[in-house]
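1. Here you go, sequence then predicted model.
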Amino acid sequence: MSLDDIFKPSTLPVSKRVVPNRLVKISLYEHLAKFSGGPPNRHHFALYSQWAQHPWGMIFTGNTQVSGTHLTLGRDLLVPTEVTEESAKPWSELADIMKQQNGLALMQLSHGGRQSSILIGGRPLTQPPLAPSAVGVAPKHLGRINKIVNRIVFPTPKEMSLEDIDQVVQDFTRGAELAFKAGFDGIELHAAHGYMLSQWLSPKANCRTDEYSCNPTSNALRLLQRIATSIRAATPSSFVLGIKLNASDYITAKDSAEEEEIELQQARAREHISAIASWEMFDFIEVSGGDYQRIEFMSNRQATFAALSESVLNTLTTQFASSPEKRPLVLLTGGLTSPSTLHSVKADLLGLGRAAILTPDLPTLLRAAPADPNSAKFTRNFTRIPELSNPLPFDIPLVGAGVATAWYTLSMRELAACWDEKRIYWPPYHLGPIAAVVEMWLWNVEKGSFKVRAIWVHAVTAVVVALTAYWYYMLWF
């Protein structure tokens, strides 16, 4: 895609809505609601006001949970159990803010599944999460300490019954009804990053042998198709419906030497996406990746998925050769950090997450002064990217990814505070990894701030190291 094409509008194939340009502020983990989950609040309104003053083609909410018993890391946006005039009010306020520049406002709907932790998932400690099969989150290629952490945080889930599956369909449909009632232009189903919907597609998580088994493709996609059909029946034809799919479920080979295996996995991805596109219910398909078993996808988000995105685009173009207007658009997310990366990728829409945190005014900057492909600025990152690392004396990739999540979460809080206080925004590059984690978790939603002092950093570090050593001793000796 050339830089000139970025600001050309695109028409979505099913809803027929027009996306003003190709730049999409994708969903992010915000950690701004009350700890047990809830509706958007003043912090969300301030944060999205920052993005909404710039001409993004689409703006997505953070991943909004449809089940109060399957939260992710706390402070999730949460669909209310009943959609009423009153319960929809804060969502309506958020939708109005997001549409200030005439871009489309979408709500992302998600269910944690087996990646809902034991401590802050919204359930009693003795109640396991639900999942397609009783298979826990268990990295196979990592060390003992990381496995211990996962064993404690993510217990073995309970295999879902048919009644549980029916409830999930109802929960996602209720989320779509909330989005429509509140004035959002549509929703995106989160079937990526190892959450519930992606678990049905993955042989790592789905070992069932019934009609919801991982093979054949029709079985693996059965729940998704039921949810999409239900949402389409509950909303008008102009309602946008998208889906976020997981590249890492299809790319499990360890290194580039396994090219034949990688090709087989990408073929499976294309088969799933082709089947989903054939339903003619989705306006776009987002290609992303990473889960709590493949942390490298979460902590090193370069343009890892560009090859798969191009492959998907080619597959769908061939599939819809006779009716190109029906082809769902392909949205690529990950690693788009400079004008050159925007220029080089093959996708219809360009998804920016962390880049949108660091440079919330990116659409305005690109429109006002597009970079010359022959200049050094063309390959330079939009802004400085922080260098974050695991603060512990041993390697726990989940902790390393959590440090990055914490730092960007604090950056969003600072972005919101700058709107409220009418200050110029600058990301908190001064924060170290431990300070970022402590400040993220000890934040007060009412006061809107918590400043880390050195004593907190030392205390938390000592507790984390001591607990990890104790778990290691008890479980392995």
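-> Done, it's in. In this text the structure is predicted, and so the values were computed from the model without any measurement.
2. Show me what counts as buried in the helix or strand hosting residue 276.
-> In this structure, residue 276 sits in helix 259-278 according to DSSP states H and E. Residues of helix 259-278 classed as buried: 262, 265-266, 268-277 (neighbour count, 16 or more other C-beta atoms under 10 Å). C-betas here are computed from N, CA, C, even on glycine.
3. Nearest to residue 153 among these?
-> Using C-beta to C-beta, residue 265 is the member of the buried residues of helix 259-278 that lies nearest residue 153, at 27.5 Å.
4. So that closest one versus residue 203, what's the distance?
-> 10 Å (C-beta to C-beta, to the nearest Å).
5. Setting the sequence-adjacent residues aside, check what's closest to residue 325.
-> Closest residue to residue 325 apart from its sequence neighbours, by C-beta to C-beta, 6 or more residues apart in numbering: residue 13 at 6.1 Å.
6. you'd agree the one you found is in a strand?
-> No - under DSSP: H, G, I helix; E, B strand; the rest coil, residue 13 falls outside any strand and is assigned coil.
7. residues in contact with it?
-> 280, 283, 325, 326, 327, 328, 329 (C-beta atoms under 8 Å, 6 or more residues apart in numbering).
8. For ChimeraX, write a command that selects the buried ones of these.
-> What follows is the ChimeraX syntax selecting those of those that are buried according to 16+ other C-beta under 10 Å:
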select :283,327,328,329
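9. Can you tell me the element residue 189 falls in?
-> Residue 189 is part of strand 186-191, with elements assigned from DSSP H and E.
10. Only the C-alpha atoms, please, for the helix or strand following that strand, written as CSV.
-> Per DSSP H and E, strand 186-191 leads on to helix 196-199 as the next helix or strand towards the C-terminus. Taking Å, rounded to 0.1, in the frame of the first residue of the first chain, the C-alpha atoms of helix 196-199 are listed here in CSV:
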residue,chain,number,x,y,z
MET,A,196,-12.2,-18.3,24.2
LEU,A,197,-13.1,-18.0,20.6
SER,A,198,-9.6,-18.7,19.4
GLN,A,199,-9.4,-21.8,21.6
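11. that older thread, what distance separates the strand holding residue 189 from the centre of its chain?
-> Remark: strand 186-191 is offset 10 Å from the chain centroid, using C-alpha atoms, centre = their mean, to the nearest Å.
12. Tell me the buried residues in it?
-> Using 16+ other C-beta under 10 Å as the burial criterion, the residues of strand 186-191 that qualify are 186, 187, 188, 189, 190, 191.
13. and the closest residue to the fourth one other than its chain neighbours, what does it touch?
-> Right, residue 189. Excluding its sequence neighbours, the residue lying closest to residue 189 (C-beta to C-beta, 6+ apart) is residue 243, at 4.7 Å. By C-beta under 8 Å, 6+ apart, the contact set of residue 243 is 188, 189, 191, 224, 228, 276, 282, 284, 285, 286.
14. Go again with 6 Å.
-> Contacts for residue 243 were tallied using C-beta atoms under 6 Å, 6 or more residues apart in numbering; they are 189, 191, 282, 285.
15. And the residues you listed, which is closest to residue 386?
-> Of all these, residue 191 has the smallest distance to residue 386: 29.2 Å, by C-beta to C-beta.
16. beta partners of the closest one?
-> residue 245 (DSSP bridges).
17. Would you mind measuring from it to residue 228?
-> Computed as C-beta to C-beta, the residue 191 to residue 228 distance reads 11 Å.
18. go on, residue 171?
-> Counting by C-beta to C-beta - residue 171 and residue 228 are separated by 14 Å.
19. Same question for residue 155.
-> 30 Å.
20. Ok, residue 70 next?
-> Counting by C-beta to C-beta - residue 70 and residue 228 are separated by 20 Å.
21. So between these two, which is more surrounded?
-> More crowded of residue 70 and residue 228, by other C-beta atoms under 10 Å: residue 70, with 28 against 21.
22. For the closest residue to residue 403 other than its chain neighbours, report the pLDDT, please.
-> In space, and not counting its chain neighbours, residue 403 is closest to residue 433: 4.3 Å by C-beta to C-beta, 6+ apart. Looking at residue 433, its pLDDT reads 80.
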